[in-house]
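Q: Generate coordinates for the sequence data below:
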Amino acid sequence: ADDSLRAFVWFSHYVMYHPSAQEEGMLVVENCDKIGFYKMITMMPMKLGTQLDRLTIGVLPVKTKKFYLLETPRWIDVFVKILGAFMSKKMKSRMYLCKDW
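A: Okay, the predicted model is just below:
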């Protein structure tokens, strides 16, 4: 877990200080590979997840321009629809769920 955190911190600093990320923002692409709910929530140790949350939520000053989730399972589709009720129109326009790409 310490190596994963160290790698993510290094990557975050690299992105944070990169001129393109500062000016253009960031594009995130994640392939969910139709992962099950239990497997998704137990994939990362809780301590590491908490540390990454502290680093990224409100601290990492890089804006996300687009967020693509590929091969999403049905539970993620439902979860995003529920969260969509609380998201701004601008944030919703940045998220893309792609079943088959």
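Q: drop to CA atoms for contacts and neighbour counts, all remaining ones
A: Fine.
Q: my guess is residue 96 is in a strand, correct?
A: Yes - Residue 96 forms part of a strand when assessed by DSSP: H, G, I helix; E, B strand; the rest coil.
Q: which residues touch it?
A: When contacts are counted by Cα atoms under 8 Å, 6 or more residues apart in numbering, residue 96 is found next to 66-69.
Q: what about it, distance to residue 55?
A: Taken as Cα to Cα, to the nearest Å, the spacing of residue 96 relative to residue 55 amounts to 24 Å.
Q: for residue 88, same thing?
A: 23 Å.
Q: Report the buried residues of the helix ranked longest in the chain.
A: Counting residues, the longest helix found in the chain (DSSP state H) is helix 2-17. Neighbour-count burial for helix 2-17 flags 12, 15-16 (criterion: 16 or more other Cα atoms under 10 Å).
Q: same check, this time on stretch 69-79
A: For stretch 69-79, the neighbour count (16+ other Cα under 10 Å) marks 69-73, 76 as buried.
Q: before we move on, what about stretch 75-92?
A: In stretch 75-92, counting by 16+ other Cα under 10 Å, buried: 76, 92.
Q: Let me know the average pLDDT across that stretch.
A: Confidence over stretch 75-92, taken as the mean pLDDT, stands at 93.
Q: now stretch 25-37
A: Average pLDDT, stretch 25-37: 89.
Q: Centre of this structure to the edge, which residue is at the far end?
A: Outermost residue of the chain with respect to the C-alpha centroid, by Cα atoms, centre = their mean, is residue 19; its distance is 20.9 Å.
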